[in-house]
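Trainee: predicted model and sequence follow; I will ask about them next.
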Amino acid sequence: MQPPLAIVLLLWRGRQIGEPRRESVMADKRGAGRMRAKLHFQRREISDDGYGNPISGEFATVFSAAAEMMPLRGGEPVLAARLTGVQPYIVRIRSHAAARQVTPAWRIVDARNQERVFNVTAISDPDGKGAWLDVMATQGEAA
């Protein structure tokens, strides 16, 4: 005599009768849907003073990218920074050749509101696969 079909299906799925269903663990999905900000990534141009000495020039846009802006909340350092008028952000962008050259000497300017300027403080690859870059930036400090 064969067991009922429901028991066969439960055993085939790898669980016992009466055992609760296991929730599937989904990977962290990153996509373009959350990238609502358009940002200009800028660095200072190095120019010559006429005597062969390099001097820092004005900021120039190297590339523009769509980005996800995530303001940091909580934690004592974050709260202390906010009391001084500084708001830290995590800026997530897609990785590409120009984006991998970003250093803390760069700054980010909001393309839709040129008054919003962010200073880059750190860059990391969040998943180690080279698909995304998380740029830690602060708004409200002098460049």
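Mentor: Happy to help now that I have it.

Trainee: look up how far Thr84 lies from Met70.
Mentor: Plainly put, Met70 is 20 Å away from Thr84 if you go by C-beta to C-beta, to the nearest Å. (Each C-beta comes from the backbone N, C-alpha and C, glycine too.)

Trainee: higher neighbour count, these two?
Mentor: Between Met70 and Thr84, Met70 has the larger neighbour count (other C-beta atoms under 10 Å), namely 13 against 8.

Trainee: the more buried one in helix, strand or coil?
Mentor: On the three-state scheme (DSSP: H, G, I helix; E, B strand; the rest coil), Met70 is labelled strand.

Trainee: quickly find the element holding the closest residue to it other than its chain neighbours.
Mentor: Nearest residue to Met70 in three dimensions, chain neighbours excluded: Ile90, at 4.4 Å (C-beta to C-beta, 6 or more residues apart in numbering). Taking DSSP states H and E as the definition, one finds Ile90 inside strand 87-94.

Trainee: who touches that strand?
Mentor: Strand 87-94 has contacts (C-beta atoms under 8 Å, 6 or more residues apart in numbering) with 30, 34-35, 37, 39, 65-72, 78, 81, 99, 108, 118, 121, 126, 131-140.

Trainee: give me the distance between the residue nearest to the spatial centre of the chain and Gly75.
Mentor: By C-alpha atoms, centre = their mean, the chain has its centre lying nearest to Arg92, at 1.9 Å. In this view, Arg92 and Gly75 are 19 Å apart by C-beta to C-beta.
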